[in-house]
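Asker: My questions concern the predicted model and sequence given below.
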Amino acid sequence: MTGSDIPSSFRLAYVPGVTPTKWVRVWHERLPHTSLELVQATAAEAPELLADGGADAGLLRLPVDRDVLSAIPLYTETTVVVIPKDHVATAAEEVSLAELSDEIVLHPLDDLLAWETLPGHPAVERPATTADAIELVAAGVGVLLVPQSLARLHHRKDLTYRPVPEAPESRVALSWPDAEVTPDLVEEFIGIVRGRTVNSTRGRAATPPRPAKDKARDKAKRAGAGGAGGGSGGARNRSAAGRKPQSGGRTGGQGGKRGKPRGR
């Protein structure tokens, strides 16, 4: 991939309750010249948005269609029950499903939990959204079971929540359209969410290949520099080899003329 082929922006979808802030911050530090555009989508809309090319990758909730989308699970959320602050369940640190058996448990149409059997008693009518269900909890109509991040997202001063360990959980994943080769910028974001360092060779955009003529020119330069160095060194060696040692020659000549004085 050449520099001109690398996209100048990256579109990241995310669903309610998921907070991409820390990963976006790292992205801006590592790729300051590649903008990151956040695209908000509902949990139901996000998979189709990715499949249709409306975003390059997304932080969404499992499951997804693995024939269409690739996915890396990131974390699992605790499920909580949202209740009024004066509810008797606030006295405990956790709530069991059995303790909700006498409650009206609201089941919104956009529910994210895979229930086999919903605890408690059903409401006369299912709320359209989680936000609508929160309003009904505040009105004293019933209680609501949701991933903890959604309880925080819809926080109200008159409501609180408690963990429900036995309830189904919601898993958050990084997902992108399935392809034979994962795009470079998606690899970059995978590296960020997995905590790879900036020097990691994985997840880095491909370095543009050098033209063949540049490689040939550099090779010729290296060869020329090596030949010049070798010729100079060889000439010095030959000169030194052909020249007689001066100190040794003088010593030898003087030694031949000297001797014992001839007798007179």
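Answerer: Nice, thanks for sending it over. What you are looking at is a predicted structure, and each value in this text was computed from that prediction instead of being measured. Numbering: from 1, shown residues only.
Asker: What are the boundaries of the helices in this structure?
Answerer: 21-30, 46-51, 130-138, 148-153, 184-193, 212-242, 246-257 (DSSP state H).
Asker: ok, now which ones touch the spatially most central residue of the chain?
Answerer: Nearest residue to the geometric centre of the chain (Cα atoms, centre = their mean): I192, 2.4 Å. When contacts are counted by Cβ atoms under 8 Å, 6 or more residues apart in numbering, I192 touches 23, 26-27, 30, 203. C-betas here are computed from N, CA, C, even on glycine.
Asker: any chance of those in a markdown table, with distance to E99 and neighbour count too?
Answerer: Listed next are these as a markdown table, based on distance: Cβ to Cβ, whole Å; neighbours: other Cβ atoms under 10 Å:
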| residue | distance to E99 | neighbour count |
| --- | --- | --- |
| W23 | 37 | 17 |
| V26 | 41 | 17 |
| W27 | 43 | 21 |
| R30 | 47 | 14 |
| G203 | 46 | 20 |
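Asker: from those, which single one is nearest P127?
Answerer: W23 (31.6 Å; Cβ to Cβ).
Asker: Could you check how far that closest one is from L31?
Answerer: 12 Å (Cβ to Cβ, to the nearest Å).
Asker: re the thing from before, check the gap between the residue nearest to the centre of the chain and E29 for me.
Answerer: If you go by Cβ to Cβ, the gap between I192 and E29 works out to 10 Å.
Asker: Ok, H155 next?
Answerer: Taking Cβ to Cβ, one finds H155 at 30 Å from E29.
Asker: Quick check: which ranges of the stretch 101-250 of the chain have low pLDDT?
Answerer: 199-250 (pLDDT under 70).
Asker: burial measure for E29, as a count.
Answerer: E29: 10 surrounding residues under other Cβ atoms under 10 Å.
Asker: meant to ask about A167, not that
Answerer: A167: 21 surrounding residues under other Cβ under 10 Å.
Asker: now do V137
Answerer: Neighbour count of V137, defined by other Cβ under 10 Å: 24.
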